[in-house]
Each structure stands twice: as C-alpha cells, then as structure tokens.
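Participant: what follows is a predicted protein model with its sequence.
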Amino acid sequence: MPIQRDDLLAAAEHGILQHAQIEPLLVFLRQRHTQSVTRDAPKFNGTHVLYYLGGLLAISAASLFATLAVESMGMQVLLVISLIYAACATVAAIWFEKRGLGVPASLFATLAIALTPLTVFALQHILGFWSESGDTEHYRDYHMWIDWRWLVMELSTLFVGVLMLRRFRYPVLVLPIAVTLWYMGMDIVPALIMQADMFGSESWEFRKTISLVFGLCMLLVALVVDLRSKTSRDYAFWLYLFGLLTFCGALSMMGSGQLSGKLVYLALHFGLIFIGTVLARRTFTVFGGIGIMLVLGDLSWHMFANSFSFMVVLTLLGFSLIGAGIWWSKHEALISAKFRGILPQDLRKRLEARSS
C-alpha cells in the first residue's frame, strides 16, 4: 500500500505523528522502496519475462529434453557435463545475488537443482544400477514412466534442493522440490510392492491410497511452512499446488461411481474452499471449485443424458458459478475474517500478517 505525504500529514493532524517526523519518515520509506527495487523482486514486466523464459529454456534443456543423443556420448561424459553445468549455475547464482539481481539468481539456483537427477542418473549407470532394468533405462523416461529406481534420484534432488534453499532463500527454489515430491508420490508405490503386479486391481487401489496420503502429507508440510514463515516471501505456494494435484488427482480416481461417493467428493471439495478461505489461499479455492464443477457436471449428465435439458442445466450451472464468483469477490475478505475468528489468536495474527 503506497504512502503519500498527504497520508502522513493527516496522521499528524490526528496526533498520531509529530509534524517534525514527517520528512525523516518519508526519507526512510523512500530508501526502503529503493532497496526493494534493487533487490529485483519478481514482477511482471518485459525484463522479468525474458528472465523467466531464458531460465525455463535452460531448465527444460537440462531436465525435460535430455535426449538419447546426449546419452550416446557416454555416461561418464554426461556425468562430467552435468557437474560442470551445475557448478556454473551455482556460481552464476552467487554472482547475480551479490549484484542484487534476485530473479536471475533464483533461476540459476533452480537450474542447479534441476540438474541433480540427471547427474545422479549418469552416476547410477556408471555404477551399474540400471543393468537389469526393463523399459525405463533412459533419462527421458524419468518424466514418463513410474519406477522405484527413480527414488534415489528424487531423494538426492530433495537433499540438494534443501541445501540450495537454505543458501539462497528464493521461493521459486521450492518448485523443483515440490515437483520431486510429486514424482516421489508416484514412484514410492513400486518401491513398496516391488515385483507385484503394478496394474492389478489390488496394486492399483494401493497406489491411489498411497498417492492420496502422500498428497495430504505434502499439504500438511506446506501448512507448517506457511505458518512458520516470518517473511513476505511465499515458500509454501508450490508445495500447496503439487500437494493438491496429488491429493485431488488420487481422490478423483477413487470411488465406485455411486451417488454416496460423489456426495462425499463434493463435500471434500467444499471443504477445500473453506480451507482456502481461512488460509487466504486461492489455490484451495480453485481446486475446490474445479472438483465441484466436475461433480455437478457428472450428476447433470447422468440425470439429463442425451436430452436438451442437459445443455440447459449445464448452462445454468455455468452462469451460477459465474454469479457465485462475483458474489465471492465482494464478500471474500469479510467471510475470511469471520472464519479466522474461530482460530487461536497467534495463528490468526500470522495469517492476517501474511495475507496483508
């Protein structure tokens, strides 16, 4: 919230400030504003768009598009290249940080984390870790196939991610950590059941249950990070996002299709909206709204299938959701404040301080 000289003059007239304090306070506030700009805080402008596009291309090249041509040079060469890339990215992050360029510093630090699974993958091949593997033998399979062997890469990435986050303190560094946790939620099941039929009915149900629990654990970790954070930087966002992806994805695959299960699903997504209201986290509200929309659409289809009524009902539902969004935008702050009133005072103050 910008503060002008007129605001300080009004405060002085009400006895909150002395007129002699106005100029020193203005100088102090201008200095703080200059420092925040110098820190290169993330914002949407042309420069930062170029930063992020360049960073995403570099990260994609290192993580998503490592091809067979790169592996064909030999795993020893791939290991050396990965280590050199990671070292250069870390040095670049330190260099940019010292010059107050926070966005490129955070992107290079993220690149260093993204290179960790590629480095560990090359080392695993050198040590013969994949000598008896089946289909998942190339690094690009890391993003397509579920396999327990990836866990070593994921644990190493988490370790490096935590170290980098402790050193650089940029929220975007939580992104590769959250993605790795998301992958781990899928790969941990093959590690638990090993040689069992991965796509049998019992194994499939077990995988969905583990993913649901894993997503819930990610959300709890995100909540702890959120409430313990004493800065304006949002370290919990990516954990919330991928926790919700894991939890809601597993939840959506569960159930027998009966009405009772759909009602429970509907109630849980209303609960997500409630949690989002209390925590001032719109991510919960978005996922809750999507879940509610899916259930209402599914119920409408089964009740009015192959009829003109289905189109009418679905249109009315769409208009109703738009109206609900308009109503919510007008009353969100008041509703959030009322819901927070039931929380302990310390917790309420932390939430209000973070969302202000």
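Facilitator: Perfect, thanks for sending it.
Participant: could you pull out the helices in the protein for me?
Facilitator: 5-13, 22-38, 46-63, 68-71, 75-98, 102-126, 150-168, 174-193, 201-228, 237-253, 259-279, 282-303, 308-340, 345-355 (DSSP state H).
Participant: where in the stretch 151-300 of the chain is pLDDT low?
Facilitator: 189-204, 230-232, 255-257, 300 (pLDDT under 70).
Participant: the closest residue in space to Gln18 that isn't next to it in sequence and Arg30, how far apart?
Facilitator: Spatial nearest neighbour of Gln18, chain neighbours left out: Ala12 (6.5 Å); criterion: CB to CB, 6 or more residues apart in numbering. (C-beta placed from N, C-alpha, C; glycine too.) The gap separating Ala12 from Arg30 is 18 Å, by CB to CB, to the nearest Å.
Participant: ok, the two, which is more surrounded?
Facilitator: With neighbours defined as other CB atoms under 10 Å, Ala12 and Arg30 compare such that Ala12 has more, 15 against 10.
Participant: quick one, phi psi at Gly15?
Facilitator: phi 80, psi 10 (degrees, to the nearest 10).
Participant: kindly report the same for Gly74.
Facilitator: The phi/psi pair for Gly74 (degrees, to the nearest 10) is phi 110, psi 140.
Participant: just name the most buried of the helices of the chain.
Facilitator: Of all the helices of the chain, helix 102-126 carries the top mean neighbour count, a mean of 24, counting by mean count of other CB atoms under 10 Å.
Participant: that older thread, how close does the residue nearest to Gln18 sit to Leu245?
Facilitator: 51 Å.
Participant: can you tell me the closest non-neighbouring residue to Gly291?
Facilitator: That would be His269: by CB to CB, 6+ apart, it lies 3.3 Å from Gly291.
Participant: that neighbour against Phe287, yeah?
Facilitator: Yes: counting by CB atoms under 8 Å, His269 does reach Phe287; the two are 7.3 Å apart.
Participant: just give the closest residue to Val172, not the sequence neighbours.
Facilitator: Closest residue in space to Val172, ignoring its immediate chain neighbours: Ser106 at 4.8 Å, by CB to CB, 6+ apart.
Participant: actually His125, sorry about that
Facilitator: Closest to His125 by CB to CB, 6+ apart is Met75, at 4.1 Å.
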